[in-house]
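1. below: sequence and its predicted model.
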Amino acid sequence: MKAAVVPAQHSKWEIREVPRPEPGPSQVLIKIHASGICYTDVHQTEGALPGTFPRILGHEPVGEIVAIGAGVTTRKVGDRVGVPWLQASCGRCEWCKRNKPMFCAQPIGTSGVAQGGHAEYMLSYADATMLLPEGLSYEQAAPIFCAGYTVWSGLRWADPRPGERVAVVGIGGLGHLAVQYAKAAGFETIAVSRSPDKEKLIRQLGADEVVADGQGLARVGGADVILGTANSTEAMADTIQGLRPDGRFVVMGFDPKPLQVSLGELIMRRIRILGSIQNGPEYLYEALDFAAKGKVKVIAETYRLDEIHRAYERVEKGQVRFRAVVLN
Ligand SMILES: [Zn+2]
Ligand SMILES: [Zn+2]
């Protein structure tokens, strides 16, 4: 099968012919139809996240099951599925026993320990696959498995109450979905974006207000929940001045730079800073359901697998406005 292989840290991706894997016990083989490229792919390629090389990245894979391994009873050939980052965990540590496998120290991650989705085929543990809702296209489904899942998890984690205002900082791959999820869930939604050329489109996504920074956010009355989906610590930290008392700032965008926060602001406005990951399959189910109902639409530029270098280059340089998806 063809696959995009990253030969070594910092290196260029190469399309190579590699052996098509066979499903082992509890596994399924998926013919990949769409695979999204996330900015995390850049962090992985640059070695900022753990993982050995050579390896195949891609943690937004969706496709059709074409073979099942021994003992698989809940999936069958022909099922349309996707696979999130977390495929399996040790099952024995405190966090696995607490049913919080996202905190397991020995996770099997798609594109981490396990082969990723930038290939013609991919293995997954059957239990990790999520059945796609009927009528949702592969192209629309793929980015929900990281970007959509992440932002919906973050919004749910902030536990917004009726009538609260939600702001989204960084209107890119994650943020353009976060705006739509917040609006679809019924919240007044404010986008914080430094790209004035995106304003019209951001309003079309459902934003009630578009502001440039934290001061602008404060001027329009602030937000009770800020979803930090930018790849810049500074851009995220700047918006905290627009957080209302008892507000929650949810960090989802990754940047190696530490976050500096004024302790005075934390204390006097009783602000909470929350980290959030993909907080469990319940949120993935909900995220896909919004997409299937047409309430959330991914804006993607699409590529063939043999054009993936071009897609990666554009993601790396920040030229992809929302999401790049490889279609097979
Ligand atoms: Zn991702
Ligand atoms: Zn564990």
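-> Perfect, I can see it now. Residues are numbered from 1 along each chain as shown. Ligands and ions are numbered 1, 2, ... in the order given.

2. show me the shaky parts of the stretch 51-200 of the chain.
-> Along the stretch 51-200 of the chain, the model assigns pLDDT under 70 to no residue.

3. smallest gap between it and ligand 1, at which residue?
-> residue 146 (3.2 Å; CB to the ion). From N, CA and C alone the C-beta is placed, and that goes for glycine too.

4. what is the burial count for residue 155?
-> 24 (other CB atoms under 10 Å).

5. isn't it up against residue 250?
-> Yes. Using CB atoms under 8 Å, residue 155 makes contact with residue 250 at a distance of 7.5 Å.

6. who touches both of those two?
-> Counting by CB atoms under 8 Å, 6 or more residues apart in numbering, the residues touching both residue 155 and residue 250 are 225, 227.

7. element containing residue 182, please.
-> helix 175-184 (DSSP states H and E).

8. whether that helix contacts ligand 1 - can you check?
-> No. Using CB under 5 Å from the ion, helix 175-184 never reaches ligand 1; the gap is at least 11.7 Å.

9. just give the number of residues close to the closest residue in space to residue 109 that isn't next to it in sequence.
-> Nearest residue to residue 109 in three dimensions, chain neighbours excluded: residue 85, at 5.2 Å (CB to CB, 6 or more residues apart in numbering). Residues lying near residue 85 (other CB under 10 Å) number 24.

10. measure residue 85 to residue 306 for me?
-> To residue 306, residue 85 is 25 Å away according to CB to CB, to the nearest Å.

11. got the residues of this structure near ligand 1?
-> 38, 40, 146.

12. rerun at 8 Å
-> 36, 38, 39, 40, 41, 59, 60, 85, 146, 147, 150 (CB under 8 Å from the ion).

13. which of those residues has the largest number of neighbours?
-> residue 60 (33 neighbours).

14. how about the helix or strand hosting residue 290, which residues are buried there?
-> Using DSSP H and E, residue 290 sits in helix 281-292. When burial is assessed from 16 or more other CB atoms under 10 Å, helix 281-292 yields the following buried residues: 283, 284, 286, 287, 288, 290, 291, 292.

15. just stretch 112-126 next, same as before
-> 112, 114-126.

16. stretch 68-75 too?
-> So for stretch 68-75, counting by 16+ other CB under 10 Å, buried means 68, 69, 72, 75.

17. just those: which are in strands?
-> residue 68 (DSSP state E).

18. of all the buried residues of stretch 68-75, which two lie farthest apart?
-> The most widely separated members of the buried residues of stretch 68-75, counting by CB to CB, are 69 and 75 (9.8 Å).
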